[in-house]
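Undergrad: Attaching a predicted model along with its sequence, questions to come.
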Amino acid sequence: MDELDKRILRELQLDARKSFTQIAQKTGVTTATVSDRVRRLTEKGIICGYTAILNTSELGMVTLIAKIKIKPGYSIEEVGEGIAELAESCCIHHVTGDFDLLVISKCVGYGKCGAVIEKVKEIEGVESVDAGLVLKTLKEELKVKL
């Protein structure tokens, strides 16, 4: 990935609805070049998709953060895949430390969070779940500095 790729990615992070022509004007290259670069970045898995960013708090959603310990002998990947099947799961990270997975879920209301925790506990291979609710989000975004 070179500097042009980074400039294109910065523009897409600012507004993924920009046309390739608008990005080309901002980066000083042709529309065809932007199109080719975006296609290549997508094929490499660097660009994973495009989506609207929602303010989930305004939608009445609560963020649940769960630290999950996996039983010895069980596959962390397989347990993670089971958790990923839950509609509320947003992010699942295999991490270092005293637990194996860090899971971030979005639940409609506080009551739903308890049900999600119970569903996670029922997944084969889960040893323990240490969960907490987010009281206030100070920053939440997926943009990265390039």
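TA: Happy to help now that I have it.

Undergrad: so how far is stretch 130-140 from its chain's centroid?
TA: Taking the mean of its C-alpha atoms, stretch 130-140 sits 15 Å from the chain's own mean (CA atoms, centre = their mean, to the nearest Å).

Undergrad: make that stretch 135-146, sorry
TA: What separates the centre of stretch 135-146 from the centre of its chain is 11 Å, taken as CA atoms, centre = their mean.

Undergrad: With stretch 22-37 instead?
TA: Using CA atoms, centre = their mean, the mean C-alpha position of stretch 22-37 is found 27 Å from that of the whole chain.

Undergrad: First-to-last residue distance for that stretch?
TA: Start to finish, the residues bounding stretch 22-37 are 14 Å apart (CA to CA, to the nearest Å).

Undergrad: what do you get for stretch 37-52?
TA: Where stretch 37-52 begins and where it ends lie 22 Å apart, using CA to CA.
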